[in-house]
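Trainee: test case, fold it:
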Amino acid sequence: MKLIDSHCHLDNEQFDADREAVIERAFAAGIEHMLAIGSGDGPPDLEAGIRIAEKYPAIYASIGVHPHDASKATAESYKQLAELTKHPKVVGFGEIGLDYHYDHSPREVQRSVFVEQMRIARGAGLPIIIHTREAWDDTLALLTKLWGTENPGGIIHCFSEGPREAGQALALGFHISFAGIVTFPKAIAIQEAAKIVPANRLLIETDAPFLAPVPKRGKRNEPALVVETARKVAELRGVTPQEIAEITAGNFRRLCRIG
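Mentor: This next block holds a predicted model:
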């Protein structure tokens, strides 16, 4: 079974002691490609994902300022991001969006930085990778106004809503990515959403090192464990894990234009 982890934070300090071993375990588990999310600790360092992707042909990178770090963004950050969109390993822009749970940056600043990054991503023709937590309505409003179906698509990462919200995102042309939360027994709404997302819009991810799936829940997550998410999504949809692997890998390749 060959899979793609469409979202992992390989730069995270939790991997500092054994990063190479984590990556090798992923390859051994059948993970063909990983997307190293490049938000890192925020500006001025915007190359966290790129540094890892440059070391491994099978790893790609994204760039972007996470909503937690929106207060750190400057005009220079935007110039740097625009330049980094040209890097050959960069295939997505994110994770970007809104987080009203922690409010590490003021909400008006989050919205402003989100809007500016959508502008840069649109100009570069890159799909956007959306983080939204307790901010669905505002996120959807901005996506409806400024992104929509005429743009290069995108991913609602670590989807944590229900079928209604999945339908709203799908109507805007987005892919829906399910992480380890879908394996949690009480995640009923997320599981219902996983049943109804069209096959051609489905993705899976780990969000490693966060949100390890059952049976590793509560431990450090890593890309090899995307296998468990694939198994759960397959069970929910009444298909084989191999089918989920093939579907989600193909979707990621098409969306991010990789071979």
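
Trainee: for residue 15, which residues are in contact?
Mentor: 22, 209, 222 (Cβ atoms under 8 Å, 6 or more residues apart in numbering). From N, CA and C alone the C-beta is placed, and that goes for glycine too.

Trainee: phi and psi next, for it.
Mentor: phi -100, psi 0 (degrees, to the nearest 10).

Trainee: now do the buried residues in stretch 199-207.
Mentor: In terms of neighbour count (16 or more other Cβ atoms under 10 Å), stretch 199-207 has its buried residues at 201, 202, 203, 204, 205, 206, 207.

Trainee: so the first one makes contact with residue 170?
Mentor: If I follow you right, that is residue 201. Yes - judged on Cβ atoms under 8 Å, residue 201 makes contact with residue 170 at a distance of 6.0 Å.

Trainee: any common contacting residues for those two?
Mentor: residue 176.

Trainee: wasn't residue 155 part of a strand?
Mentor: Yes - counting by DSSP: H, G, I helix; E, B strand; the rest coil, residue 155 falls inside a strand.

Trainee: who does it bridge with?
Mentor: residue 129, residue 175 (DSSP bridges).

Trainee: please, where are all the strands along the stretch 51-200 of the chain?
Mentor: 59-63, 90-99, 128-133, 154-156, 174-178 (DSSP state E, counting those that start in this stretch).

Trainee: have a look at the protein and report its longest helix.
Mentor: Identified as the longest helix of the chain according to DSSP state H is helix 107-124.

Trainee: for it, list the C-alpha coordinates in PDB.
Mentor: Output of helix 107-124 as PDB, limited to C-alpha atoms (Å, rounded to 0.1, in the frame of the first residue of the first chain):
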ATOM      1  CA  ARG A 107      -8.300  38.300  15.000                       C
ATOM      2  CA  GLU A 108      -8.200  41.300  12.800                       C
ATOM      3  CA  VAL A 109      -4.500  40.700  12.200                       C
ATOM      4  CA  GLN A 110      -5.200  37.100  11.400                       C
ATOM      5  CA  ARG A 111      -7.700  38.100   8.800                       C
ATOM      6  CA  SER A 112      -5.500  40.600   7.200                       C
ATOM      7  CA  VAL A 113      -2.500  38.200   7.000                       C
ATOM      8  CA  PHE A 114      -4.800  35.500   5.600                       C
ATOM      9  CA  VAL A 115      -6.100  37.800   2.900                       C
ATOM     10  CA  GLU A 116      -2.600  38.900   1.800                       C
ATOM     11  CA  GLN A 117      -1.400  35.300   1.600                       C
ATOM     12  CA  MET A 118      -4.300  34.300  -0.500                       C
ATOM     13  CA  ARG A 119      -3.300  37.100  -2.900                       C
ATOM     14  CA  ILE A 120       0.300  35.800  -3.100                       C
ATOM     15  CA  ALA A 121      -0.800  32.200  -3.600                       C
ATOM     16  CA  ARG A 122      -3.200  33.200  -6.300                       C
ATOM     17  CA  GLY A 123      -0.500  35.100  -8.100                       C
ATOM     18  CA  ALA A 124       1.800  32.000  -7.900                       C
END
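
Trainee: just to revisit the earlier point, of the contacts of residue 15, which is the most crowded?
Mentor: Neighbour count (other Cβ atoms under 10 Å) singles out residue 222 as the most crowded of the contacts of residue 15, with 26 neighbours.

Trainee: correct me if wrong: that one contacts residue 208.
Mentor: Yes - counting by Cβ under 8 Å, residue 222 does reach residue 208; the two are 4.9 Å apart.

Trainee: shared neighbours, these two?
Mentor: Shared contacts of residue 222 and residue 208, defined by Cβ under 8 Å, 6+ apart, comprise residue 8.

Trainee: re earlier: in a markdown table: the buried residues of stretch 199-207, plus distance to residue 217 and secondary structure.
Mentor: Converted to a markdown table, those look like this (distance: Cβ to Cβ, whole Å; DSSP: H, G, I helix; E, B strand; the rest coil):
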| residue | distance to residue 217 | secondary structure |
| --- | --- | --- |
| 201 | 26 | helix |
| 202 | 22 | strand |
| 203 | 21 | strand |
| 204 | 16 | strand |
| 205 | 16 | coil |
| 206 | 12 | coil |
| 207 | 13 | coil |
